[in-house]
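> pasting the sequence and the predicted coordinates here, then a few questions.
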Amino acid sequence: MKKRFFKFIISLCLTAAVADFLPAMAEAQTSISRRQALQEQIQFNSELENGKDVSFAQVLADPDNLQLNMAYAKTQIRHGDIKGASGTLERMLRVNPRLHELRLFYAAVLYRLDNIAEAKMELQKLEGIKLPEKAVKEKKELTRLIAIREKTYTLNAQISAGIVQDSNRNSFPEDETIVYPNGATLTFEGEEKKDKSTIGIAAVNFERKTGMYGQNSFFLGGSYYMSKQDKLTDLDMGIMTLNGGFRMTGRTSMLTPQIVYSTLKLDGDSYLDSYGGSLKLDKLLNKKNIAYAEARYLKQDYLNSASHQDNKSRSGGTYGGSIGLKHIINAGMTFELEGSALVKDADMDSYDTNTYGLTARHFWLLGKNTYLLSSLSASQEAYSKAPETLYEILVSQGKKRKDTVIRGSLTFGMPVYKSLSLSLAYEYYSNDSNIQIYKYTNHKMTGMLNWKFSM
């Protein structure tokens with residue numbers, strides 16, 4: 001009996017974890033090209049590190065000082081005014097067209113402004129000119145990036161492998177004893193179990209530009225995630241995700257409809273099939289702020305197995321959305337705040353839930369092609385009705401369940417060699433509940449090697 005109770009609790013914890021993980025996998029699938037853009041931004045900002053800000057008043061006081069003008073252009077870029085920097089650099093080149101390294105920097109700025117044709121023209125002006133070794137490498141890399149941007153299609157892939165260490169992989173509750181009003185008790189045998197797992201991710205994303213100027217595109221992607229536990233092998237996991245959609249870009253906005261399908265296996269048994277879609281709108285408010293809103297629907301089909309015989313009753317549709325604002329603090333730092341709401345309409349009414357959450361994210365380019373990602377989120381999930389099955393009634397004493405989840409993470413990334421990078425992450429996860437058997441905490445450490453390449 002106690003063993004069956006314990007499996008039931010693990011099943012519920014996995015259900016919550018999977019509900020979080022599947023949308024994240026789908027988003028990761030569509031973001032490979034965005035990570036490529038991030039790498040370009042890292043390269044672009046490498047020359048801006050440790051620079052001192054120069055004001056426009058200083059430039060007006062000495063307008064013919066080329067070094068001062070150059071410093072002012074870099075100041076503009078650090079503060080997100082890339083378009084203003086391009087004007088500053090253009091004026092300098094009119095004064096002295098022989099500033100070849102400055103022209104190379106100007107070409108990089110034009111590239112960041114998506115003015116590919118003019119960036120290519122500026123590079124052509126440098127043909128046959130002897131440049132320092134460092135500038136030659138920068139010119140070669142910028143030429144490569146322009147060639148990729150000019151292609152009507154892109155094919156990006158990523159292969160990752162790593163190790164995860166969990167302090168409470170079995171989600172064992174903080175208090176394993178239930179005390180009933182009549183004094184009777186029910187104790188779950190066991191303890192928090194640390195476990196190590198080996199994980200692997202393979203992902204590929206294809207995108208093709210459409211329209212006269214390539215402003216729109218459609219994309220297709222697929223990924224596979226696997227996790228092999230060292231001890232708790234019944235928690236071995238495999239997830240395949242497929243997605244596709246369109247990006248329709250206007251002058252200051254982008255609309256992205258997409259569909260997604262995923263299937264999850266747990267310990268070799270089919271556990272969950274999900275399919276649905278989303279519609280996202282990104283809106284550029286000004287040079288510092290981007291707002292976005294997303295609506296999504298996901299149909300979840302849970303499958304019964306020998307280990308999860310009542311799984312199918314959790315099937316149903318989930319629908320909700322999110323709104324957020326991304327603020328560009330400077331050329332190497334952004335802050336994002338997002339609010340979300342999710343409603344689940346399950347086949348069994350006692351599994352209907354309403355979830356509300358708030359998430360803050362911070363991205364920081366540290367220099368030397370390294371970065372730091374941090375996030376903090378809080379959410380509350382409330383079940384609409386009291387439980388109906390005998391197991392749940394016993395553990396909840398007939399109360400409607402309400403969980404509050406706090407999650408914080410910190411990820412450090414650094415290059416290892418060319419397209420190979422290392423990421424180290426820590427995550428804190430706390431699930432507080434009005435039903436004591438669902439209260440638990442987990443600390444997770446992850447180390448991964450990531451290989452990204454384009455074709």
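Great, that's in hand.

> helices of the chain, residue ranges please.
2-30, 32-45, 56-61, 66-78, 82-95, 100-112, 116-124, 133-150, 390-396 (DSSP state H).

> by mean pLDDT, show me the worst of the ones you listed.
Per-stretch mean pLDDT for those is lowest at helix 32-45 (a mean of 46).

> now stretch 58-66: buried residues?
Across stretch 58-66, burial judged by 16 or more other CB atoms under 10 Å covers residue 59. Using the backbone N, CA and C atoms, a C-beta is placed for each residue, glycine as well.

> alpha carbons only: can I get that stretch in PDB?
Only the C-alpha atoms of stretch 58-66 are listed here, as PDB (Å, rounded to 0.1, in the frame of the first residue of the first chain):
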ATOM      1  CA  GLN A  58      32.800  66.400 -25.300                       C
ATOM      2  CA  VAL A  59      32.600  65.700 -29.100                       C
ATOM      3  CA  LEU A  60      31.200  69.200 -29.800                       C
ATOM      4  CA  ALA A  61      34.100  70.700 -27.900                       C
ATOM      5  CA  ASP A  62      36.600  68.900 -30.100                       C
ATOM      6  CA  PRO A  63      34.700  67.700 -33.300                       C
ATOM      7  CA  ASP A  64      37.900  66.900 -35.300                       C
ATOM      8  CA  ASN A  65      39.300  64.500 -32.700                       C
ATOM      9  CA  LEU A  66      38.800  61.100 -34.400                       C
END
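
> where in the stretch 201-350 of the chain is pLDDT low?
Residue ranges of the stretch 201-350 of the chain with pLDDT under 70: 211-214.

> ok, how many other residues are close to residue 135?
For residue 135, the tally of surrounding residues (other CB atoms under 10 Å) stands at 17.

> how far away is it from residue 90?
19 Å (CB to CB, to the nearest Å).

> so which bits of stretch 92-99 are buried?
92-93, 99.

> quick check, distance from that stretch to the centre of its chain.
With CA atoms, centre = their mean, to the nearest Å as the basis, stretch 92-99 stands 42 Å off its chain's centre.

> the lengthiest strand in the chain packs against which elements?
Determined from DSSP state E, the single longest strand within the chain is strand 269-286. With contacts taken as 3 or more CB pairs under 8 Å, 6 or more residues apart in numbering; DSSP states H and E, strand 269-286 sits against helix 2-30, strand 253-266, strand 289-302.

> surely residue 358 and residue 339 touch.
Yes - the pair residue 358 / residue 339 is scored as a contact, 5.4 Å apart, by CB atoms under 8 Å.

> and the closest residue to residue 152 other than its chain neighbours, what does it touch?
Distance criterion CB to CB, 6 or more residues apart in numbering; nearest residue to residue 152, sequence neighbours excluded, is residue 209 at 5.1 Å. When contacts are counted by CB atoms under 8 Å, 6 or more residues apart in numbering, residue 209 touches 152-153, 215-217.

> any of these buried? List them.
For the contacts of residue 209, buried by 16+ other CB under 10 Å: 216-217.

> and the two most separated of the contacts of residue 209?
153 and 215 (14.8 Å; CB to CB).

> so where do the strands sit in the stretch 301-450 of the chain?
Assigned strands in the stretch 301-450 of the chain, in chain order: 316-330, 333-346, 353-367, 370-383, 402-417, 420-433, 440-454 (criterion: DSSP state E, counting those that start in this stretch).

> mean neighbour count and distance to residue 142 added to these, as JSON lines?
As requested, those are exported to JSON lines (neighbours: other CB atoms under 10 Å; distance: least, CB to CB, whole Å):
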{"stretch": "strand 316-330", "mean neighbour count": "16", "distance to residue 142": "22"}
{"stretch": "strand 333-346", "mean neighbour count": "16", "distance to residue 142": "23"}
{"stretch": "strand 353-367", "mean neighbour count": "17", "distance to residue 142": "19"}
{"stretch": "strand 370-383", "mean neighbour count": "17", "distance to residue 142": "21"}
{"stretch": "strand 402-417", "mean neighbour count": "15", "distance to residue 142": "18"}
{"stretch": "strand 420-433", "mean neighbour count": "17", "distance to residue 142": "21"}
{"stretch": "strand 440-454", "mean neighbour count": "16", "distance to residue 142": "15"}
